[in-house]
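In: Any chance you could fold what I've pasted below:
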Amino acid sequence: MRPPVPASRASIDTVIALLAGEGYARAEPAILQPAEAFIDLSGEDIRRRIFMTQDADGRDWCLRPEYTIPVALDHIASGTAEPAAYAYAGPVFRMRSGEPGEFLQAGLESFGRDDLTAADAEIMGLTIEAVAALGLTNPRILMGDVALLGALLDRLAVPQGARRRLVRALVQGRGTEAVAALDPPAGEGETAHAGLLKALEGQDPKAARAFVEDVLSIAGISTVGGRSAADIAERFLARAAERENPVSDEVRSLLGQVLAVSGDPDAASASLRALAKQASLDLGRELDAFDERTGFLAARGVDIGAIRFTPGFARNLDYYSGFIFELHDPPRDNVKPVAGGGRYDTLLGRLGAARSVPAVGASIWLDRLPAPAQAGAAA
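Out: Model prediction:
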């Protein structure tokens with residue numbers, strides 16, 4: 001008699017077999033990865049959450065903290081023509097609050113497809129199918145759209161500083177209260193750096209940037225908190241722009257109404273179209289793409305009524321550029337997702353690809369799936 005397959009191995013085999021049947025090739029990036037890519041994309045803060053070492057030349061390396069970046073780096077290095085689709089499953093290593101630092105992750109990535117909304121729907125649909133195959137048949141589904149929110153902020157001409165604070169507040173889960181983040185925090189108002197900000201008001205951006213960089217150079221400042229003089233200059237320019245163009249009450253009110261929208265994608269689209277029409281904003285292209293994606297999801301058999309969409313939903317990774325989603329296990333009262341992903345069209349370019357590559361993918365945290373699902377998969 002063949003010995004029983006361990007639950008973790010059975011979960012991996014189940015996911016890989018399902019995705020292989022859909023044309024996703026198995027990817028197996030090295031466990032030891034160059035740390036630079038993760039730090040450049042996630043900031044210095046990630047150093048305390050990854051397991052790092054150095055080689056004899058002083059270069060930083062880390063144990064693989066996730067799969068998306070390593071799969072993307074291997075794809076770029078291989079010179080494989082797009083479109084390309086990959087599946088993966090195996091151990092990753094990252095410090096997590098209240099959870100083991102070594103855990104199993106599975107997932108899929110799709111690079112280079114031009115039919116963006118169809119690719120989005122395929123990734124989300126296959127992720128739902130994968131967790132169902134592992135026993136989670138009725139996940140709670142959350143969805144957002146970074147591109148749609150970004151288009152709205154563009155149309156409303158929200159200054160970059162206020163925009164960054166709003167998005168940060170959304171990532172922190174503050175929902176409709178995130179509108180309060182449009183105001184500069186204490187210390188960033190009229191008195192903070194008032195002289196320099198006053199000097200920048202109304203100036204040509206290129207000349208103003210050179211002026212700030214010269215001031216920093218005279219002061220002997222090259223970097224602050226990892227930011228270059230150019231980065232610091234951009235922040236000063238953004239703050240000066242906020243003084244000249246504060247967010248109006250009308251914009252605040254509209255953003256509050258938009259962030260309050262919540263429901264299945266069809267209902268949310270209708271609400272957003274009504275708000276855009278009321279405010280005379282042209283979001284037709286973005287909402288048409290939104291509806292097209294919904295149609296592809298429905299065609300794949302996804303229950304649209306089971307999806308909760310809100311424009312304020314955000315995932316805690318800064319490389320997402322379009323639709324995003326998470327799957328949760330309803331009986332569990334914690335907020336950590338079982339799976340999550342979305343579109344990240346800028347990532348491969350930032351990692352060194354010769355041109356922009358459309359990309360979308362998702363990851364599944366196998367250790368967060370309910371135990372009966374894993375036991376069932378092993379049977």
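In: Tell me how many other residues crowd the closest residue to D367 other than its chain neighbours.
Out: Leaving aside its chain neighbours, D367 sits nearest to F103 (4.6 Å; criterion: CB to CB, 6 or more residues apart in numbering). In this view, the C-beta of every residue, glycine as well, is placed from N, C-alpha and C. Neighbour count for F103, taken as other CB atoms under 10 Å: 16.
In: buried residues in whichever strand or helix holds F103?
Out: Using DSSP states H and E, F103 sits within strand 102-111. Neighbour-count burial for strand 102-111 flags 103-111 (criterion: 16 or more other CB atoms under 10 Å).
In: can you tell me which residues contact L272?
Out: L272 makes contacts with 148, 258, 261, 283, 287, 311, as judged by CB atoms under 8 Å, 6 or more residues apart in numbering.
In: In terms of pLDDT, where does it sit?
Out: What the model reports as pLDDT for L272 is 97.
In: do the same with the one 10 residues further on
Out: At D282, the predicted lDDT confidence score is 94.
In: The one 4 residues further on now?
Out: Looking at E286, its pLDDT is 95.
In: wait, doesn't it sit right on L149?
Out: No: counting by CB atoms under 8 Å, E286 stays clear of L149, with 9.4 Å between them.
In: The stretch 1-150 of the chain: helices as residue ranges?
Out: Assigned by DSSP state H, counting those that start in this stretch, the stretch 1-150 of the chain shows helices spanning 7-20, 35-42, 68-78, 116-133, 146-155.
In: The stretch 251-379 of the chain now?
Out: 265-278, 284-299, 347-350, 371-378.
In: for the second one, packing partners?
Out: Secondary-structure packing of helix 284-299 (3 or more CB pairs under 8 Å, 6 or more residues apart in numbering; DSSP states H and E): helix 116-133, helix 146-155, helix 265-278.
In: residues making contact with it?
Out: 116-118, 120-122, 124-125, 145, 147-148, 151, 265-266, 269, 272-273, 276, 304, 307, 323.
In: What angle do helix 265-278 and it make with each other?
Out: Counting by axes from the mean of the first three to the mean of the last three CA atoms, to 10 degrees, helix 284-299 lies at 170 degrees to helix 265-278.
In: Please provide the alpha-carbon coordinates for helix 284-299, formatted as PDB.
Out: In PDB, the C-alpha atoms belonging to helix 284-299 read as follows (Å, rounded to 0.1, in the frame of the first residue of the first chain):
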ATOM      1  CA  GLY A 284     -16.100  56.000 -18.900                       C
ATOM      2  CA  ARG A 285     -12.900  54.200 -20.100                       C
ATOM      3  CA  GLU A 286     -12.000  52.900 -16.600                       C
ATOM      4  CA  LEU A 287     -15.600  51.900 -15.800                       C
ATOM      5  CA  ASP A 288     -16.000  50.200 -19.100                       C
ATOM      6  CA  ALA A 289     -12.900  48.100 -18.400                       C
ATOM      7  CA  PHE A 290     -14.300  47.400 -14.900                       C
ATOM      8  CA  ASP A 291     -17.600  46.100 -16.400                       C
ATOM      9  CA  GLU A 292     -15.700  44.100 -19.000                       C
ATOM     10  CA  ARG A 293     -13.700  42.300 -16.300                       C
ATOM     11  CA  THR A 294     -16.900  41.600 -14.400                       C
ATOM     12  CA  GLY A 295     -18.400  40.000 -17.600                       C
ATOM     13  CA  PHE A 296     -15.300  37.700 -18.000                       C
ATOM     14  CA  LEU A 297     -15.600  36.700 -14.300                       C
ATOM     15  CA  ALA A 298     -19.200  35.800 -14.800                       C
ATOM     16  CA  ALA A 299     -18.300  33.800 -17.900                       C
END
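In: List the buried residues of stretch 22-39.
Out: 24, 27, 29, 33-35, 37-39.
In: For the residues you listed, give me TSV that also has distance to D55.
Out: Listed next are the buried residues of stretch 22-39 as TSV, based on distance: CB to CB, whole Å:
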residue	distance to D55
Y24	33
A27	24
P29	18
Q33	12
P34	10
A35	11
A37	15
F38	16
I39	16
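In: Closest one to L18 out of those residues, please.
Out: Y24 (8.9 Å; CB to CB).
In: Just give the nearest non-adjacent residue to the closest one, would you?
Out: A87 (3.8 Å).
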